[in-house]
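> Sequence first, then the predicted structure, then my questions.
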Amino acid sequence: MRLINLLKNLRISYTQAIRNYSDNYTPKPLRSLKAKSNRNYVQYYVDSCRIRAIGGNGGDGCISFLSAWSKEHAGPDGGDGGHGGHVIFQASHTVKSLNHCKSVIQAKHGDRGDNKDCTGKNAQHVIVPVPLGTIVKDSSGRVIGDLSADGTMFIAARGGAGGRGNKFFLTDTQQAPDIAEYGAIGETQVYTLEVRSMAHVGLVGFPNAGKSTLLRALTRARPTVAPYPFTTLRPHIGMVPYDDYEQVAIADLPGLIPGSHKNYGLGIQFLQHAERCRGLIYLLDGSDDPLHQHQTLMFELAQYNAALAERPSVVVINKIDLPEARKSFEELKQKMDVIGISAKTGINLNELLRVVRIMYDGENNES
(Lines give C-alpha, C1' and ligand atoms only; values in the text may rest on other atoms or scores of the structure.)
Protein backbone atom coordinates (compact mmCIF):
# COMPACT_ATOMS: atom_id res chain seq x y z
CA MET A 1 0.00 0.00 0.00
CA ARG A 2 2.88 2.33 0.84
CA LEU A 3 4.46 1.59 -2.53
CA ILE A 4 1.24 2.51 -4.37
CA ASN A 5 0.96 5.80 -2.47
CA LEU A 6 4.59 6.59 -3.22
CA LEU A 7 4.06 6.00 -6.95
CA LYS A 8 0.97 8.23 -6.92
CA ASN A 9 2.91 11.04 -5.23
CA LEU A 10 5.74 10.70 -7.76
CA ARG A 11 3.27 10.89 -10.65
CA ILE A 12 1.61 14.00 -9.21
CA SER A 13 4.98 15.68 -8.69
CA TYR A 14 6.09 14.83 -12.21
CA THR A 15 2.83 16.18 -13.71
CA GLN A 16 3.12 19.40 -11.71
CA ALA A 17 6.72 19.87 -12.85
CA ILE A 18 5.69 19.47 -16.49
CA ARG A 19 2.91 22.06 -16.08
CA ASN A 20 5.29 24.56 -14.44
CA TYR A 21 7.80 24.06 -17.25
CA SER A 22 5.12 24.57 -19.92
CA ASP A 23 3.87 27.77 -18.28
CA ASN A 24 7.35 29.28 -18.09
CA TYR A 25 8.51 28.08 -21.51
CA THR A 26 9.14 30.69 -24.20
CA PRO A 27 9.69 29.46 -27.79
CA LYS A 28 13.09 30.33 -29.19
CA PRO A 29 14.00 31.06 -32.80
CA LEU A 30 15.92 28.34 -34.58
CA ARG A 31 19.33 29.04 -36.01
CA SER A 32 19.78 28.74 -39.77
CA LEU A 33 20.60 25.13 -40.60
CA LYS A 34 22.26 25.89 -43.92
CA ALA A 35 24.06 28.79 -45.55
CA LYS A 36 22.22 31.37 -47.61
CA SER A 37 22.40 31.14 -51.37
CA ASN A 38 25.02 33.27 -53.13
CA ARG A 39 22.87 33.74 -56.22
CA ASN A 40 21.87 37.30 -56.97
CA TYR A 41 18.18 36.46 -57.06
CA VAL A 42 15.71 38.80 -55.38
CA GLN A 43 12.06 37.82 -55.01
CA TYR A 44 9.79 40.62 -53.88
CA TYR A 45 6.27 40.43 -52.55
CA VAL A 46 3.29 41.76 -54.52
CA ASP A 47 0.19 42.45 -52.41
CA SER A 48 -1.77 44.49 -54.98
CA CYS A 49 -1.98 44.38 -58.76
CA ARG A 50 -4.22 45.49 -61.61
CA ILE A 51 -5.31 42.77 -64.05
CA ARG A 52 -7.14 42.83 -67.35
CA ALA A 53 -9.06 39.57 -67.83
CA ILE A 54 -10.17 38.60 -71.34
CA GLY A 55 -12.47 35.65 -71.94
CA GLY A 56 -12.08 33.49 -75.03
CA ASN A 57 -14.32 33.93 -78.06
CA GLY A 58 -16.75 31.22 -79.04
CA GLY A 59 -16.11 29.24 -82.22
CA ASP A 60 -18.13 30.02 -85.36
CA GLY A 61 -20.83 27.65 -86.54
CA CYS A 62 -20.26 25.70 -89.73
CA ILE A 63 -22.24 25.78 -92.99
CA SER A 64 -22.04 22.40 -94.64
CA PHE A 65 -24.28 20.04 -96.65
CA LEU A 66 -23.88 16.29 -96.60
CA SER A 67 -23.45 14.56 -99.94
CA ALA A 68 -23.56 10.77 -99.59
CA TRP A 69 -23.00 8.26 -102.43
CA SER A 70 -26.58 7.08 -102.24
CA LYS A 71 -28.12 10.50 -101.63
CA GLU A 72 -26.58 13.53 -103.25
CA HIS A 73 -28.60 16.07 -101.22
CA ALA A 74 -28.69 14.61 -97.72
CA GLY A 75 -29.31 17.94 -95.99
CA PRO A 76 -27.29 20.32 -93.77
CA ASP A 77 -24.69 18.85 -91.40
CA GLY A 78 -22.83 21.94 -90.09
CA GLY A 79 -21.88 21.62 -86.40
CA ASP A 80 -21.88 24.23 -83.63
CA GLY A 81 -18.77 26.07 -82.53
CA GLY A 82 -17.08 25.40 -79.19
CA HIS A 83 -17.39 27.69 -76.19
CA GLY A 84 -14.59 30.09 -75.23
CA GLY A 85 -12.72 29.69 -71.94
CA HIS A 86 -13.38 31.64 -68.74
CA VAL A 87 -10.79 33.48 -66.65
CA ILE A 88 -11.23 32.39 -63.01
CA PHE A 89 -9.53 33.50 -59.79
CA GLN A 90 -9.32 30.70 -57.22
CA ALA A 91 -8.21 31.07 -53.60
CA SER A 92 -5.43 28.64 -52.72
CA HIS A 93 -3.19 28.09 -49.71
CA THR A 94 -0.32 27.12 -52.03
CA VAL A 95 0.41 30.72 -53.08
CA LYS A 96 1.23 33.63 -50.77
CA SER A 97 1.79 36.49 -53.22
CA LEU A 98 0.45 37.98 -56.45
CA ASN A 99 3.85 38.21 -58.16
CA HIS A 100 2.91 35.38 -60.54
CA CYS A 101 -0.13 37.24 -61.91
CA LYS A 102 0.28 38.82 -65.34
CA SER A 103 -1.17 42.21 -66.19
CA VAL A 104 -3.21 40.68 -69.04
CA ILE A 105 -4.76 37.22 -68.71
CA GLN A 106 -6.52 35.87 -71.78
CA ALA A 107 -8.34 32.58 -72.19
CA LYS A 108 -8.25 30.57 -75.41
CA HIS A 109 -10.93 30.66 -78.08
CA GLY A 110 -13.30 27.81 -78.87
CA ASP A 111 -12.81 25.83 -82.10
CA ARG A 112 -15.15 26.35 -85.02
CA GLY A 113 -17.76 23.72 -85.90
CA ASP A 114 -17.14 21.18 -88.62
CA ASN A 115 -19.11 19.14 -91.10
CA LYS A 116 -20.82 15.85 -90.30
CA ASP A 117 -22.50 17.64 -87.38
CA CYS A 118 -19.23 17.83 -85.44
CA THR A 119 -19.20 20.37 -82.59
CA GLY A 120 -16.04 22.40 -82.11
CA LYS A 121 -13.84 21.81 -79.06
CA ASN A 122 -14.55 23.90 -75.97
CA ALA A 123 -11.59 25.93 -74.71
CA GLN A 124 -10.06 25.20 -71.31
CA HIS A 125 -10.72 27.69 -68.54
CA VAL A 126 -7.75 29.70 -67.22
CA ILE A 127 -7.66 29.28 -63.43
CA VAL A 128 -5.35 31.73 -61.65
CA PRO A 129 -4.49 30.79 -58.04
CA VAL A 130 -4.48 33.70 -55.60
CA PRO A 131 -3.69 33.83 -51.85
CA LEU A 132 -6.37 33.30 -49.25
CA GLY A 133 -8.01 36.56 -48.26
CA THR A 134 -7.66 38.18 -51.70
CA ILE A 135 -10.14 40.99 -52.36
CA VAL A 136 -11.37 41.66 -55.91
CA LYS A 137 -12.30 45.24 -56.82
CA ASP A 138 -13.79 46.53 -60.05
CA SER A 139 -12.58 49.58 -61.99
CA SER A 140 -14.56 51.92 -59.71
CA GLY A 141 -12.94 50.54 -56.55
CA ARG A 142 -16.03 48.66 -55.34
CA VAL A 143 -15.36 45.30 -53.66
CA ILE A 144 -17.13 42.59 -55.68
CA GLY A 145 -15.33 39.47 -54.48
CA ASP A 146 -13.79 38.16 -51.24
CA LEU A 147 -11.84 34.92 -51.67
CA SER A 148 -11.40 34.04 -48.01
CA ALA A 149 -11.92 30.25 -48.10
CA ASP A 150 -9.68 27.72 -49.81
CA GLY A 151 -11.08 26.72 -53.22
CA THR A 152 -13.42 29.70 -53.57
CA MET A 153 -13.70 30.84 -57.21
CA PHE A 154 -14.50 34.14 -58.85
CA ILE A 155 -15.29 34.25 -62.59
CA ALA A 156 -13.40 37.31 -63.79
CA ALA A 157 -14.32 37.10 -67.49
CA ARG A 158 -16.77 34.71 -69.13
CA GLY A 159 -15.96 33.10 -72.45
CA GLY A 160 -18.26 33.55 -75.42
CA ALA A 161 -20.74 30.87 -76.44
CA GLY A 162 -20.15 28.93 -79.63
CA GLY A 163 -22.16 29.83 -82.72
CA ARG A 164 -24.76 27.41 -84.09
CA GLY A 165 -24.20 25.62 -87.37
CA ASN A 166 -26.70 25.45 -90.20
CA LYS A 167 -27.95 22.06 -88.95
CA PHE A 168 -29.64 23.96 -86.11
CA PHE A 169 -31.72 26.06 -88.55
CA LEU A 170 -33.21 23.07 -90.36
CA THR A 171 -37.05 23.28 -90.34
CA ASP A 172 -39.94 21.74 -92.24
CA THR A 173 -40.17 24.77 -94.48
CA GLN A 174 -36.42 25.41 -94.83
CA GLN A 175 -34.69 22.20 -95.81
CA ALA A 176 -31.42 23.74 -96.99
CA PRO A 177 -30.46 26.63 -94.66
CA ASP A 178 -27.24 28.35 -95.65
CA ILE A 179 -26.86 30.42 -92.50
CA ALA A 180 -24.80 29.96 -89.32
CA GLU A 181 -23.91 32.04 -86.27
CA TYR A 182 -20.63 33.68 -85.37
CA GLY A 183 -19.21 32.79 -81.98
CA ALA A 184 -19.88 35.30 -79.19
CA ILE A 185 -17.04 37.56 -78.10
CA GLY A 186 -15.67 36.90 -74.62
CA GLU A 187 -15.92 39.46 -71.82
CA THR A 188 -13.14 41.93 -71.06
CA GLN A 189 -12.95 43.20 -67.48
CA VAL A 190 -10.38 45.13 -65.43
CA TYR A 191 -9.89 44.25 -61.77
CA THR A 192 -7.66 45.22 -58.86
CA LEU A 193 -6.55 42.36 -56.65
CA GLU A 194 -5.47 43.06 -53.08
CA VAL A 195 -4.20 40.63 -50.48
CA ARG A 196 -5.90 41.45 -47.19
CA SER A 197 -3.07 40.22 -44.93
CA MET A 198 0.55 40.39 -46.08
CA ALA A 199 2.68 39.49 -43.02
CA HIS A 200 2.45 39.06 -39.28
CA VAL A 201 4.90 41.90 -38.60
CA GLY A 202 5.98 44.82 -40.81
CA LEU A 203 9.16 46.89 -40.50
CA VAL A 204 8.28 50.61 -40.57
CA GLY A 205 10.94 53.27 -40.71
CA PHE A 206 12.68 56.03 -42.58
CA PRO A 207 14.86 55.28 -45.63
CA ASN A 208 18.29 53.88 -44.60
CA ALA A 209 17.07 52.99 -41.12
CA GLY A 210 18.41 49.44 -41.63
CA LYS A 211 15.18 47.56 -42.38
CA SER A 212 16.65 45.45 -45.19
CA THR A 213 19.77 44.69 -43.15
CA LEU A 214 17.61 43.59 -40.23
CA LEU A 215 15.48 41.31 -42.42
CA ARG A 216 18.66 39.72 -43.80
CA ALA A 217 19.92 39.16 -40.27
CA LEU A 218 16.68 37.59 -38.99
CA THR A 219 15.60 35.51 -42.01
CA ARG A 220 16.84 33.99 -45.25
CA ALA A 221 15.34 36.78 -47.37
CA ARG A 222 17.77 38.73 -49.55
CA PRO A 223 16.53 42.30 -50.05
CA THR A 224 18.90 44.81 -51.62
CA VAL A 225 21.12 46.69 -49.16
CA ALA A 226 22.77 49.92 -50.35
CA PRO A 227 23.87 53.26 -48.80
CA TYR A 228 21.25 55.36 -50.57
CA PRO A 229 17.55 55.99 -49.84
CA PHE A 230 14.65 53.99 -51.30
CA THR A 231 16.66 50.86 -52.07
CA THR A 232 13.45 48.95 -51.21
CA LEU A 233 10.67 49.81 -53.65
CA ARG A 234 8.58 46.68 -53.11
CA PRO A 235 8.02 44.60 -49.96
CA HIS A 236 10.22 41.62 -49.16
CA ILE A 237 9.08 38.91 -46.76
CA GLY A 238 11.16 36.52 -44.68
CA MET A 239 10.09 33.71 -42.33
CA VAL A 240 11.42 33.26 -38.79
CA PRO A 241 11.10 29.61 -37.62
CA TYR A 242 10.73 28.91 -33.89
CA ASP A 243 11.52 25.68 -32.09
CA ASP A 244 7.82 24.88 -31.56
CA TYR A 245 7.36 24.77 -35.37
CA GLU A 246 5.59 28.13 -35.59
CA GLN A 247 6.73 30.49 -38.37
CA VAL A 248 6.39 34.27 -38.21
CA ALA A 249 6.41 36.33 -41.42
CA ILE A 250 8.30 39.64 -41.27
CA ALA A 251 7.94 42.17 -44.11
CA ASP A 252 10.53 44.75 -45.14
CA LEU A 253 8.42 47.71 -46.26
CA PRO A 254 9.58 50.68 -48.39
CA GLY A 255 10.84 53.70 -46.48
CA LEU A 256 8.45 56.37 -45.23
CA ILE A 257 9.12 60.11 -45.35
CA PRO A 258 7.27 63.16 -43.93
CA GLY A 259 4.16 63.88 -46.00
CA SER A 260 3.58 60.28 -47.09
CA HIS A 261 -0.12 60.57 -46.31
CA LYS A 262 -0.17 63.30 -48.99
CA ASN A 263 1.42 60.80 -51.41
CA TYR A 264 4.97 62.17 -51.09
CA GLY A 265 7.70 59.64 -51.88
CA LEU A 266 6.09 56.22 -52.21
CA GLY A 267 3.20 57.70 -50.25
CA ILE A 268 -0.12 55.91 -50.29
CA GLN A 269 1.41 52.79 -51.81
CA PHE A 270 3.68 52.39 -48.78
CA LEU A 271 0.87 53.02 -46.31
CA GLN A 272 -1.27 50.36 -47.99
CA HIS A 273 1.53 47.85 -47.40
CA ALA A 274 1.66 48.77 -43.70
CA GLU A 275 -2.13 48.43 -43.47
CA ARG A 276 -1.88 44.75 -44.43
CA CYS A 277 0.47 43.83 -41.57
CA ARG A 278 -1.00 42.63 -38.28
CA GLY A 279 1.77 44.13 -36.14
CA LEU A 280 4.40 46.84 -36.67
CA ILE A 281 8.05 47.33 -35.71
CA TYR A 282 9.05 50.99 -35.67
CA LEU A 283 12.71 50.76 -36.67
CA LEU A 284 14.53 54.01 -35.82
CA ASP A 285 18.01 55.10 -36.83
CA GLY A 286 19.72 55.78 -33.51
CA SER A 287 22.27 58.10 -35.09
CA ASP A 288 19.69 60.58 -36.44
CA ASP A 289 17.24 61.90 -33.79
CA PRO A 290 15.17 58.71 -33.21
CA LEU A 291 12.53 60.52 -31.13
CA HIS A 292 11.64 62.82 -34.04
CA GLN A 293 11.54 59.81 -36.38
CA HIS A 294 9.09 58.01 -34.09
CA GLN A 295 6.81 61.03 -33.83
CA THR A 296 6.82 61.47 -37.61
CA LEU A 297 6.02 57.79 -38.24
CA MET A 298 3.14 57.82 -35.77
CA PHE A 299 1.75 61.02 -37.29
CA GLU A 300 1.88 59.74 -40.88
CA LEU A 301 0.19 56.44 -39.99
CA ALA A 302 -2.50 58.18 -37.96
CA GLN A 303 -3.23 60.62 -40.80
CA TYR A 304 -3.71 57.75 -43.24
CA ASN A 305 -5.62 55.39 -40.94
CA ALA A 306 -6.13 56.02 -37.24
CA ALA A 307 -6.48 52.27 -36.60
CA LEU A 308 -2.83 51.71 -37.59
CA ALA A 309 -1.61 53.54 -34.50
CA GLU A 310 -3.61 51.10 -32.33
CA ARG A 311 -2.05 47.93 -33.74
CA PRO A 312 0.45 45.86 -31.71
CA SER A 313 3.85 47.48 -32.09
CA VAL A 314 7.34 47.73 -30.67
CA VAL A 315 9.90 50.54 -30.94
CA VAL A 316 13.41 49.45 -31.91
CA ILE A 317 16.56 51.60 -31.99
CA ASN A 318 19.03 50.36 -34.61
CA LYS A 319 22.79 50.92 -34.98
CA ILE A 320 23.55 50.97 -31.25
CA ASP A 321 27.05 49.76 -32.13
CA LEU A 322 27.74 53.45 -32.91
CA PRO A 323 28.50 55.75 -29.94
CA GLU A 324 25.93 58.42 -30.88
CA ALA A 325 23.24 55.78 -31.39
CA ARG A 326 24.04 54.19 -28.03
CA LYS A 327 23.69 57.58 -26.35
CA SER A 328 20.33 58.23 -28.04
CA PHE A 329 19.11 54.79 -26.98
CA GLU A 330 20.01 55.40 -23.33
CA GLU A 331 18.19 58.74 -23.38
CA LEU A 332 15.08 57.43 -25.15
CA LYS A 333 14.90 54.42 -22.84
CA GLN A 334 14.02 56.79 -20.01
CA LYS A 335 10.93 58.06 -21.89
CA MET A 336 9.43 54.93 -23.49
CA ASP A 337 9.83 51.17 -23.85
CA VAL A 338 12.40 50.57 -26.58
CA ILE A 339 14.72 47.79 -27.67
CA GLY A 340 18.27 48.56 -28.77
CA ILE A 341 19.78 46.40 -31.51
CA SER A 342 22.44 46.38 -34.16
CA ALA A 343 21.28 44.66 -37.33
CA LYS A 344 24.80 44.80 -38.75
CA THR A 345 26.62 43.16 -35.83
CA GLY A 346 23.72 41.12 -34.41
CA ILE A 347 23.55 42.79 -30.99
CA ASN A 348 20.38 41.95 -29.02
CA LEU A 349 18.55 40.29 -31.94
CA ASN A 350 17.39 37.42 -29.71
CA GLU A 351 15.55 39.90 -27.50
CA LEU A 352 13.81 41.35 -30.55
CA LEU A 353 12.77 37.90 -31.75
CA ARG A 354 11.37 37.13 -28.29
CA VAL A 355 9.21 40.27 -28.43
CA VAL A 356 8.11 39.45 -32.00
CA ARG A 357 6.92 36.04 -30.81
CA ILE A 358 4.96 37.65 -27.96
CA MET A 359 3.27 39.96 -30.48
CA TYR A 360 2.47 36.98 -32.73
CA ASP A 361 0.95 34.95 -29.87
CA GLY A 362 -1.11 37.95 -28.77
CA GLU A 363 -2.53 38.41 -32.27
CA ASN A 364 -3.54 34.73 -32.48
CA ASN A 365 -5.21 34.84 -29.05
CA GLU A 366 -7.24 37.92 -30.04
CA SER A 367 -8.36 36.34 -33.33
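Yep, that arrived. A quick note: this is a predicted structure, and the numbers were derived from the prediction, not measured. Numbering: from 1, shown residues only.
> For the rest of this, base every contact and every neighbour count on C-alpha atoms.
Noted.
> how about the strands of the stretch 51-200 of the chain, start to end?
87-91, 104-106, 126-130, 134-137, 143-147, 153-157, 188-195, 199-204 (DSSP state E, counting those that start in this stretch).
> between those strands, which gets nearest to A325?
Ranking the strands of the stretch 51-200 of the chain by their distance to A325 (criterion: CA to CA) puts strand 199-204 first, at 18.3 Å.
> Beyond that closest one, next helix or strand please.
Downstream of strand 199-204, the first helix or strand assigned by DSSP states H and E is helix 211-218.
> How far off centre is that following helix?
Centroid separation for helix 211-218 versus its chain: 20 Å, with CA atoms, centre = their mean, to the nearest Å.
> any residues touching that helix, and which ones?
Contacts to helix 211-218, defined as CA atoms under 8 Å, 6 or more residues apart in numbering, come from residues 203-205, 221-225, 232, 238, 240, 250-253, 283, 343-344, 346, 349.
> are any of these buried, and which?
Listed as buried from the contacts of helix 211-218 are 203-205, 221-223, 225, 232, 238, 240, 250-253, 283, 343, 349; burial here means 16 or more other CA atoms under 10 Å.
> Any chance of the strands of the stretch 51-200 of the chain in CSV with distance to G165 and mean pLDDT as columns?
CSV is the format used below for those (distance: least, CA to CA, whole Å; pLDDT from 0 to 100):
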stretch, distance to G165, mean pLDDT
strand 87-91, 26, 94
strand 104-106, 26, 95
strand 126-130, 26, 94
strand 134-137, 38, 88
strand 143-147, 37, 87
strand 153-157, 25, 94
strand 188-195, 26, 90
strand 199-204, 54, 84
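> burial of P312, as a residue count?
P312 is flanked by 16 other residues according to other CA atoms under 10 Å.
> can you pull the contacts of it?
If you count contacts by CA under 8 Å, 6+ apart, P312 has them with 278-280, 359.
> Distance check, the nearest residue to F169 once chain neighbours are set aside against K71.
Nearest non-adjacent residue to F169, counting by CA to CA, 6 or more residues apart in numbering: P177, 6.3 Å away. Distance, P177 to K71, by CA to CA, to the nearest Å: 18 Å.
> neighbour-wise, which of those two wins?
Taking other CA under 10 Å, P177 and K71 do not tie; P177 has more neighbours (19 against 9).
> Just the pLDDT at that one, thanks.
Turning to P177, the model gives it a pLDDT of 88.
> Tell me the most packed of the contacts of P312, by neighbour count.
With neighbours taken as other CA under 10 Å, the top of the contacts of P312 is L280, carrying 25 neighbours.
> Tell me the secondary structure of it, please.
Put simply, L280 is strand when judged by DSSP: H, G, I helix; E, B strand; the rest coil.
> Pull the contacting residues for it.
201-204, 274, 311-314.
> Give me the nearest residue to G133, chain neighbours excluded.
Nearest residue to G133, sequence neighbours excluded (CA to CA, 6+ apart): S148, at 4.2 Å.
> Test my guess that the one you found contacts A91.
Yes: the pair S148 / A91 is scored as a contact, 7.1 Å apart, by CA atoms under 8 Å.
> my guess is P254 contacts P235, does it?
Yes: if you go by CA under 8 Å, P254 and P235 touch, sitting 6.5 Å apart.
> for the residue positioned nearest the centre of the chain, phi and psi?
Nearest to the geometric centre of the chain sits S97, at 3.4 Å (CA atoms, centre = their mean). Dihedral pair for S97: phi -140, psi 170, per degrees, to the nearest 10.
> Among the contacts of L280, which one sits closest to K167?
Lowest distance from K167 to the contacts of L280 (CA to CA) belongs to A274, with 60.3 Å.
> Over to the closest one. Which of the three states is it?
Look at A274: counting by three-state DSSP, its state is helix.
> Low-confidence stretches in the protein?
Along the chain, segments meeting pLDDT under 70 span 1-45, 198, 224-234, 257-271, 363-367.
> Can you give me the domain boundaries for it?
46-196, 197-366 (automatic domain parsing).
> and I339, how many residues sit next to it?
By other CA under 10 Å, 19 other residues sit near I339.
> Beta-bridge partners for it, please?
I339 has the following beta-bridge partners by DSSP bridges: V316.
> Test my guess that it contacts I317.
Yes: look at I339 against I317 with CA under 8 Å: they come within range, at 6.0 Å.
> For this protein, just list every one of the helices.
With DSSP state H, the ranges of helices along the chain come out as 2-24, 211-218, 267-275, 290-304, 323-333, 349-366.
> So for the fourth one, what gets flagged as buried?
Neighbour counts over helix 290-304 (16+ other CA under 10 Å) mark 290-291, 293-294, 296-297, 299-301, 304 as buried.
> Centre of the chain to that helix, how far?
Centroid separation for helix 290-304 versus its chain: 26 Å, with CA atoms, centre = their mean.
> tell me which strands and helices it is in contact with?
strand 277-285 (3 or more CA pairs under 8 Å, 6 or more residues apart in numbering; DSSP states H and E).
> Count the neighbours of L256 for me.
For L256, using other CA under 10 Å, the count is 25.
> count of neighbours near the nearest residue to it once chain neighbours are set aside?
Leaving out its chain neighbours, the residue that sits closest to L256 by CA to CA, 6+ apart is F206, at 5.0 Å. F206: 22 surrounding residues under other CA under 10 Å.
> do H273 as well
H273, neighbours per other CA under 10 Å, totals 25.
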